[in-house]
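Okay, predicted coordinates and the sequence, questions at the end:
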Amino acid sequence: MALTVGVLKETFPDERRVALTPKVFDVLQKLGADVWVEAGAGVQAGFPDADYAAKGAHVASADEVRGNASILLQVRAPQPDGLKGRACIAFCDPLSNPDIAAKYAAAGATLISMEMVPRISRAQSMDALSSMASIAGYKAVILAAASLPRLFPMMTTAAGTIPPARVLVIGAGVAGLQAIATARRLGSVVSGFDVRSAVREQIESLGAKFVDINLGGAKAEGEGGYAKALDEEALRLQRQQMATFMAEQDVVITTAAVPGKKAPVLISAEMVRAMAPGSVIVDLAAERGGNCELTKCGETVVEHGVTILGPANLPSTVPSHASQMSARNIVTLLKQLVQAGALNLATSDEITRESLIAANGEVVHPKIQALLGVNV
Ligand code: NAD
């Protein structure tokens, strides 16, 4: 049986990425896949229909794609209407939005989540969260530099010496480390902080200073290398010790997150007030409630002369490379899941077990079952 895969145009507001790019057709060809792409699906990411057609894809209407493809590859999982008996591999944020799993189960469709691919060495080439976080970290610094009324690098000119900008990055996971590296490349003096102690060395190896904060002995290491949510007292200690240091910064970039939880509030309105007018905060946790009390998701607000950016979906603002990277991650996962022209969803394999959310009319992932209060 021939493997048929399809790509629909993304319908989420302002989503410019596309799940497949012409470059990854090498993998699809090796799998013997027949590929259906909705006309215009790649246009906003810079990939015209002709580029897909040249790789042998059928460029067709949405109905034709749905009708012919047994596996849809999407950036964001569409609603499962009309997908009975079909599978979708996509970002779907099931830890924050478990309802999508229930909807796929009820529709008799299979859902595989890019976010849930385990972060084990064998799955590194499928780790789309890391690809997208790297882009977000880079772009956060570019946005900060464009909003700051000062220069990032030190400049010694005949008109005098300009000191370098001071940048603090709070939360040094994948996005934060990329932000640190980018801010350093632009010539600023960078400091970083993360609650996970292993990160100190990573921050320092990028030439940034680690900010020492005493969290009163709170345990911050969770499972799988992620952070654990801190209690309110530890967060209060963090804010208190961060306040003076933050007041001396030109730019603060926050990326702090705990999987499946609302983002911790690390910057109070009072801490913003203590910053110099013209300073900039870029809150990469805006979509999860924000690390700064004053952040508004998708908006730029100016409070006490401080500009606070709460960008949503930064990877979509770099749609060409974001699509190229996530497409490579998606087809690598597809390759892992396909056997003899069809999906093999045996959960004996850790990658399948962790990324499979709904199948055979049921929500199958224990964490999502628990969130929905079913089968537990
Ligand atoms: P994330 O997006 O979940 O969180 C971002 C950062 O916020 C994390 O570093 C976290 O420690 C930090 N954080 C949480 N609460 C905080 C607080 N109160 N103050 C300051 N910082 C806070 O994390 P991520 O970028 O997705 O990566 C997290 C982990 O996953 C890291 O250990 C990383 O090394 C690991 N990882 C492993 C692999 C792999 O093995 N293949 C791939 C990617 C990432």
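Yes, it's here.

This protein: helices as residue ranges?
Using DSSP state H, the helices found in the chain span residues 25-30, 49-54, 62-68, 99-107, 128-147, 174-185, 199-205, 232-247, 269-273, 319-337, 350-355, 366-372.

Would you mind listing where the chain has pLDDT under the threshold?
In the predicted model, the chain carries pLDDT under 70 at residues 1, 375-376.

Residue of it nearest the ligand, please.
residue 173 (2.2 Å; C-beta to the nearest ligand atom). For the C-beta atoms, the positions are set from N, CA and C on the backbone; glycine is no exception.

Burial check on that residue, number of neighbours?
21 (other C-beta atoms under 10 Å).

do you know how far it is from residue 296?
Distance, residue 173 to residue 296, using C-beta to C-beta, to the nearest Å: 23 Å.

CA atoms only: put stretch 321-341 into PDB for me.
The C-alpha coordinates for stretch 321-341 follow below in PDB (Å, rounded to 0.1, in the frame of the first residue of the first chain):
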ATOM      1  CA  HIS A 321      13.700  28.800   8.300                       C
ATOM      2  CA  ALA A 322      11.100  27.900  10.900                       C
ATOM      3  CA  SER A 323       9.300  25.800   8.300                       C
ATOM      4  CA  GLN A 324      12.600  24.300   7.100                       C
ATOM      5  CA  MET A 325      13.600  23.200  10.600                       C
ATOM      6  CA  SER A 326      10.200  21.900  11.700                       C
ATOM      7  CA  ALA A 327       9.600  20.100   8.400                       C
ATOM      8  CA  ARG A 328      12.900  18.200   8.900                       C
ATOM      9  CA  ASN A 329      11.800  17.300  12.500                       C
ATOM     10  CA  ILE A 330       8.300  16.300  11.300                       C
ATOM     11  CA  VAL A 331       9.500  14.000   8.400                       C
ATOM     12  CA  THR A 332      12.100  12.400  10.700                       C
ATOM     13  CA  LEU A 333       9.300  11.500  13.100                       C
ATOM     14  CA  LEU A 334       7.200  10.300  10.200                       C
ATOM     15  CA  LYS A 335      10.000   8.100   9.000                       C
ATOM     16  CA  GLN A 336      10.300   6.700  12.600                       C
ATOM     17  CA  LEU A 337       6.600   5.900  12.700                       C
ATOM     18  CA  VAL A 338       6.200   4.400   9.200                       C
ATOM     19  CA  GLN A 339       6.700   0.700   8.400                       C
ATOM     20  CA  ALA A 340       5.800  -0.900   5.100                       C
ATOM     21  CA  GLY A 341       3.900   2.100   3.800                       C
END
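
in it, what counts as buried?
321-334, 336-338 (16 or more other C-beta atoms under 10 Å).

can you check stretch 39-55 too?
Buried residues in stretch 39-55 (16+ other C-beta under 10 Å): 39, 41, 42, 44, 45, 47, 49, 51, 52, 55.

ok, now stretch 20-39?
Buried-residue list, stretch 20-39, by 16+ other C-beta under 10 Å: 20-22, 24-25, 27-28, 31, 33-39.

Of the residues you listed, which ones also sit close to the ligand?
Applying C-beta under 6 Å from any ligand atom to these, one finds that nothing falls near the ligand.

For residue 154, give me phi and psi.
Dihedral pair for residue 154: phi -70, psi 140, per degrees, to the nearest 10.

That one touches residue 160, doesn't it?
No: assessed by C-beta atoms under 8 Å, residue 154 is found out of contact with residue 160, at 11.4 Å.

So these two - more neighbours on which side?
Taking neighbours as other C-beta under 10 Å, residue 154 and residue 160 compare with residue 154 leading, 13 against 7.

which residues does the more buried one contact?
161, 162, 163, 164, 187 (C-beta atoms under 8 Å, 6 or more residues apart in numbering).

What of residue 308?
So residue 308 contacts 272, 280, 281, 283, 292, 294, 295, 296, 300, 301, 302 (C-beta under 8 Å, 6+ apart).

let's see it at 7 Å
Counting by C-beta atoms under 7 Å, 6 or more residues apart in numbering, residue 308 touches 281, 283, 292, 294, 295, 301.

Distance check, the closest residue to it other than its chain neighbours against residue 188.
Excluding its sequence neighbours, the residue lying closest to residue 308 (C-beta to C-beta, 6 or more residues apart in numbering) is residue 281, at 4.6 Å. Distance, residue 281 to residue 188, using C-beta to C-beta: 15 Å.

Ramachandran coordinates for residue 11?
Torsion angles, degrees, to the nearest 10, at residue 11: phi -110, psi -10.

distance of the closest residue to it other than its chain neighbours from residue 260?
In this structure, residue 11 finds its nearest non-sequential neighbour in residue 78, 6.7 Å apart by C-beta to C-beta, 6+ apart. Applying C-beta to C-beta, the value for residue 78 to residue 260 is 22 Å.

More neighbours: which of these two?
residue 78 (20 against 16).

got the residues of the stretch 1-150 of the chain near the ligand?
So the stretch 1-150 of the chain meets the ligand at 119, 124, 127, 129, 130, 133 (C-beta under 6 Å from any ligand atom).

how about 5 Å then?
119, 124, 130 (C-beta under 5 Å from any ligand atom).

what's the closest of those residues to residue 109?
Nearest to residue 109 out of those is residue 119 (C-beta to C-beta; 26.0 Å).

That closest one and residue 126 touch, don't they?
No: between residue 119 and residue 126 there is no contact, the gap being 9.7 Å when judged by C-beta atoms under 7 Å.

related to what we said a few turns ago, just the buried members of the contacts of residue 308?
281, 283, 292, 294, 295.

From these, which land in strands?
The strands, defined by DSSP state E, take in 281, 283 from those.
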